[in-house]
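Asks: no sequence on this one, just coordinates:
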């Protein structure tokens, strides 16, 4: 059986600004609007479709991206250059730090709508291998 995540919808108050925010930090491109969605395609083919919806409140979500060590340095540099707050943990209890979980590095920050974004260099549980 072959099952792959194809896309997910990311609720936003300003879909263009939110899509551009993520694309800029990750070094990706914002795609052309398709219906009510503005896509950002991740290199593994998964698309994050930014959507404003009907203006109803939404619950911020968590989006984690597995990156190489070099990509981590580049993305983290962009986070620092923009003066964004970041944390070593998903609960934001360790501000201004990165983590070294599972023998890699990870960091969390928020997008303009409060979605908890994360980059990691090792998948969770990889330190157990």
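Replies: Nice, thanks for sending it over. A quick note: this is a predicted structure, and the numbers were derived from the prediction, not measured.
Asks: any chance you could map the helices in this protein?
Replies: 15-26, 69-81 (DSSP state H).
Asks: Please name every helix or strand in contact with the shortest one.
Replies: Helix 15-26 sits against strand 38-41, strand 47-51, helix 69-81, with contacts defined as 3 or more Cβ pairs under 8 Å, 6 or more residues apart in numbering; DSSP states H and E. In short, each C-beta sits where N, CA and C put it, glycine included.
Asks: List the buried residues in that helix.
Replies: By neighbour count on 16 or more other Cβ atoms under 10 Å, the buried set for helix 15-26 is 15, 18, 19, 20, 21, 22, 23, 25, 26.
Asks: Tell me the bridge partners for the closest residue to the first one other than its chain neighbours.
Replies: It stands for residue 15. Closest residue to residue 15 apart from its sequence neighbours, by Cβ to Cβ, 6 or more residues apart in numbering: residue 50 at 3.9 Å. Residue 50 has these beta-bridge partners by DSSP bridges: residue 10, residue 38.
Asks: pretty sure residue 50 is touching residue 41, no?
Replies: No: the pair residue 50 / residue 41 is not scored as a contact, 11.8 Å apart, by Cβ atoms under 8 Å.
Asks: between those two, which one's more packed in?
Replies: Neighbour totals were compared for residue 50 and residue 41, and residue 50 leads with 29 against 16 (other Cβ atoms under 10 Å).
Asks: Tell me the spacing between that one and residue 81.
Replies: Distance, residue 50 to residue 81, using Cβ to Cβ, to the nearest Å: 23 Å.
Asks: residues touching the residue most central in space within the chain, list them.
Replies: Centroid-nearest residue in the chain, with Cα atoms, centre = their mean: residue 117, separated by 4.0 Å. Contacts for residue 117 (Cβ atoms under 8 Å, 6 or more residues apart in numbering) come out as 22, 25, 62, 63, 64, 65, 108, 109, 110, 111.
Asks: Most neighbours of all the residues you listed, which one?
Replies: residue 108 (24 neighbours).
Asks: Can you tell me how far that residue is from residue 121?
Replies: In terms of Cβ to Cβ, residue 108 sits 14 Å off from residue 121.
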